[in-house]
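Trainee: Build me a model from this:
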Amino acid sequence: MNDDMPWVDLTPEEIQELRTKKQELTEYGKQKLKKLLNKEPTHEEMLEIAAEREAENKAFYQDSE
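Mentor: The predicted structure is shown next:
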């Protein structure tokens with residue numbers, strides 16, 4: 001049971017799932033808002049994107065070996 005809201009009867013797994021979904025929706029909303037505002041990414045964001053792409057490429061090439 002949730003100590004903050006005892007009237008809500010959720011299991012710890014259900015609470016964690018809700019937290020995960022909230023994070024996913026928050027990230028999705030940020031990306032959509034950035035697109036709508038047609039904002040250029042900051043230097044930090046560009047580095048983050050590059051790091052993500054490098055990790056994806058590394059995983060892809062490791063899987064293909």
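Trainee: Name the spans of this structure whose pLDDT lies under the cut-off.
Mentor: 1-2, 63-65 (pLDDT under 70).
Trainee: For this protein, just list every one of the helices.
Mentor: 12-37, 43-64 (DSSP state H).
Trainee: want to throw these into a markdown table with mean neighbour count and distance to Asp4?
Mentor: In this view, the C-beta of every residue, glycine as well, is placed from N, C-alpha and C. Below are the helices of the chain laid out as a markdown table (neighbours: other CB atoms under 10 Å; distance: least, CB to CB, whole Å):
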| stretch | mean neighbour count | distance to Asp4 |
| --- | --- | --- |
| helix 12-37 | 10 | 10 |
| helix 43-64 | 10 | 32 |
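Trainee: Output those helices in TSV; the columns should cover distance to Asp3.
Mentor: Output for the helices of the chain, formatted as TSV (distance: least, CB to CB, whole Å):
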stretch	distance to Asp3
helix 12-37	11
helix 43-64	35
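Trainee: Looking at those, which is nearest to Pro6?
Mentor: Nearest of the helices of the chain to Pro6, taken as CB to CB: helix 12-37 at 13.0 Å.
Trainee: now that closest one against helix 43-64, angle please.
Mentor: Put simply, helix 12-37 runs at 120 degrees to helix 43-64, going by axes from the mean of the first three to the mean of the last three CA atoms, to 10 degrees.
Trainee: and helix 12-37, what does it pack onto?
Mentor: Contact partners of helix 12-37 among helices and strands, from 3 or more CB pairs under 8 Å, 6 or more residues apart in numbering; DSSP states H and E: none.
Trainee: Having no further points to raise, I will conclude here.
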